[in-house]
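# Here is a sequence together with a model predicted from it:
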Amino acid sequence: MSTSGIDLDRVDLLGPEAVADPYPVLAALREHDPVHWSEKYRSWFITRFDDVTAALRDTRFSSDRISPYRRAKLDGPDADPALRAAFGVLEEWMVFKDPPDHTRLRKLLSRGFTPRAVGRIRGRIDELADELLDAATSSGSGRVDLVRDYAYPLTASVIAEMLGVPRRDQDDFKRWSDQITGLVFGGMGDADRHAVGASGMAELTAYLSDLVAGHEREPADDLLSALIAARDEHDSLSHEEVISTGVLLLFAGHETTTNLIASGVLALLRHPGQRALLDADPGLLNGAIEEVVRFDGPAKTVARVMAEDVEMGGRTLRRGQRVFLSPSAANRDPAVFDDPDTFDITRRQGRQLGFGVGLHYCLGAPLARLEASVAIPRALERLPSLRFDEDQLHWAPVLLSRGMESFPVRYDVG
């Protein structure tokens, strides 16, 4: 099947054009084959807003995509023990759990991830944004990479400090997190990603084990101690669950928000009229952040595995098959959003799915919104002459997330 020059039978979301701009492919799927079977990926792709929403709320679309892989690939005697251990940590992540395990972990984790813990970091986000912009522009070269020099270290430092990771250790944490990315999101042309990811996971879990042990002896006023203390009647997080959750938060606590900040700056640079509106009325900031999430948010697809057969869109999704639900496609569904391919920070906010919906709604969404609401306007205020070249943007070639590996920009000096 071919439409608008796109062969739907040969859809490749990791092709260069689709990595740079996935929206034409996603729009073609949404309009002509919204429940699409891909032979290339041996997976279903679901793209309409109502279908994605329904699937995200339906526990038959299981979040546990780690256990099946571990059982199929890593339970044999020849399996790499380091890789088996790494996937053992991933298997304990709340985002890869279904009820009742997910319900239990989320309830305990939410008690440590309180509005107080998020709100008190606001001043530190302000400080970090200025420190990083000062450092990035100190050479006076007129060039800076907004991902590597700003968004990434900002978000990584925030979640590390919230968890109580000493500043002297944060460079190690960033390296380990980069290595783990290959296990969680996969990649294109990276044959060593499992070995590298297993190594990074081993080092990070060993580090966190020591850090948790220290916090158990001497609690501090940070998120890690809050996780250790989190209890619900007679239940609590085990030592191993605290470590696994710490790995999850250190990883997920910056990956998505880094992409959100970079994409937000990019959207406003590409749409100077919208930037002028925001400059004239800072009260539009919250709406602008929501529109960035809708228009070009960090969650391109969400992976699920069918726990049982389900009928959708005239197709039968079979038990055990993998499914990619696409918030990026759903958030531009013209059945829900007027003029969906237009970036409009004055848009009346609707039900964008960039942070999920239902029981897996992103627990860190308030922190991501807070960081973006500081970092995006701060970069534009401090560097009002920012500009970029389209051919210098480097998008990460992964199915699940939408983000730039680097975002080189220029600014006027003096």
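Arrived safely.
# what about this structure, any weak spots by pLDDT?
1-5, 111-117, 186-191, 231-234, 349 (pLDDT under 70).
# Just the buried positions in the biggest helix by length in the chain, please.
Longest helix in the chain by number of residues (criterion: DSSP state H): helix 239-270. Across helix 239-270, burial judged by 16 or more other CB atoms under 10 Å covers 241-269. Where C-beta positions appear, they are placed from N, C-alpha and C, glycine not excepted.
# Look up the residues forming beta bridges with Glu394.
No Glu there; residue 394 is His. The residues listed as beta-bridge partners of His394 by DSSP bridges are Ser406.
# All the strands of the stretch 201-350 of the chain, in order from the start?
231-232, 235-236, 302-306, 310-312, 315-317, 322-325 (DSSP state E, counting those that start in this stretch).
# Equivalent analysis for the stretch 51-200 of the chain, please.
61-62, 143-145.
# Need the winner for burial among those strands.
strand 61-62 (a mean of 22; mean count of other CB atoms under 10 Å).
# Point out the other helices and strands that it packs with.
Packed against strand 61-62 by the contact rule (3 or more CB pairs under 8 Å, 6 or more residues apart in numbering; DSSP states H and E) you find strand 302-306.
# picking that back up, starting at the chain centroid, how far to the longest helix of the chain?
Relative to the centre of its chain, helix 239-270 is centred 5 Å away, using CA atoms, centre = their mean, to the nearest Å.
# Next: stretch 41-59.
Per CA atoms, centre = their mean, the centroid offset for stretch 41-59 relative to its chain is 18 Å.
# Pull out the buried residues from it.
In stretch 41-59, counting by 16+ other CB under 10 Å, buried: 43-49, 51-56.
# Extract the CA atoms of it and return them as PDB.
Output of stretch 41-59 as PDB, limited to C-alpha atoms (Å, rounded to 0.1, in the frame of the first residue of the first chain):
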ATOM      1  CA  TYR A  41       9.700  -4.900  13.200                       C
ATOM      2  CA  ARG A  42       7.400  -8.000  13.700                       C
ATOM      3  CA  SER A  43       5.200  -5.600  15.700                       C
ATOM      4  CA  TRP A  44       1.900  -3.700  15.500                       C
ATOM      5  CA  PHE A  45       1.900   0.100  15.300                       C
ATOM      6  CA  ILE A  46      -1.200   1.900  16.700                       C
ATOM      7  CA  THR A  47      -1.600   5.600  15.800                       C
ATOM      8  CA  ARG A  48      -5.100   7.000  16.300                       C
ATOM      9  CA  PHE A  49      -5.700   8.900  19.500                       C
ATOM     10  CA  ASP A  50      -8.700   6.900  20.700                       C
ATOM     11  CA  ASP A  51      -7.000   3.600  20.000                       C
ATOM     12  CA  VAL A  52      -3.700   4.700  21.700                       C
ATOM     13  CA  THR A  53      -5.700   6.000  24.700                       C
ATOM     14  CA  ALA A  54      -7.700   2.800  25.000                       C
ATOM     15  CA  ALA A  55      -4.600   0.600  24.800                       C
ATOM     16  CA  LEU A  56      -2.700   2.600  27.400                       C
ATOM     17  CA  ARG A  57      -5.700   2.000  29.800                       C
ATOM     18  CA  ASP A  58      -6.000  -1.700  28.900                       C
ATOM     19  CA  THR A  59      -3.900  -4.100  31.000                       C
END
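# Asp221: what's it in contact with?
Contacts for Asp221 (CB atoms under 8 Å, 6 or more residues apart in numbering) come out as none.
# quick one, phi/psi of it?
As for Asp221, its main-chain torsions (degrees, to the nearest 10) stand at phi -90, psi 70.
# ok, it to Leu56 distance?
Distance of Asp221 to Leu56, given as CB to CB, to the nearest Å: 35 Å.
# quick one, phi/psi of Lys40?
Per degrees, to the nearest 10, the backbone of Lys40 is at phi -60, psi -50.
# Equivalent analysis for Trp44, please.
According to degrees, to the nearest 10, Trp44 has phi -90, psi 150.
# follow-up on the earlier one: please produce a markdown table containing the buried residues of stretch 41-59, extended by distance to Asp309.
As requested, the buried residues of stretch 41-59 are exported to a markdown table (distance: CB to CB, whole Å):
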| residue | distance to Asp309 |
| --- | --- |
| Ser43 | 16 |
| Trp44 | 12 |
| Phe45 | 18 |
| Ile46 | 15 |
| Thr47 | 21 |
| Arg48 | 20 |
| Phe49 | 23 |
| Asp51 | 16 |
| Val52 | 19 |
| Thr53 | 20 |
| Ala54 | 15 |
| Ala55 | 14 |
| Leu56 | 18 |
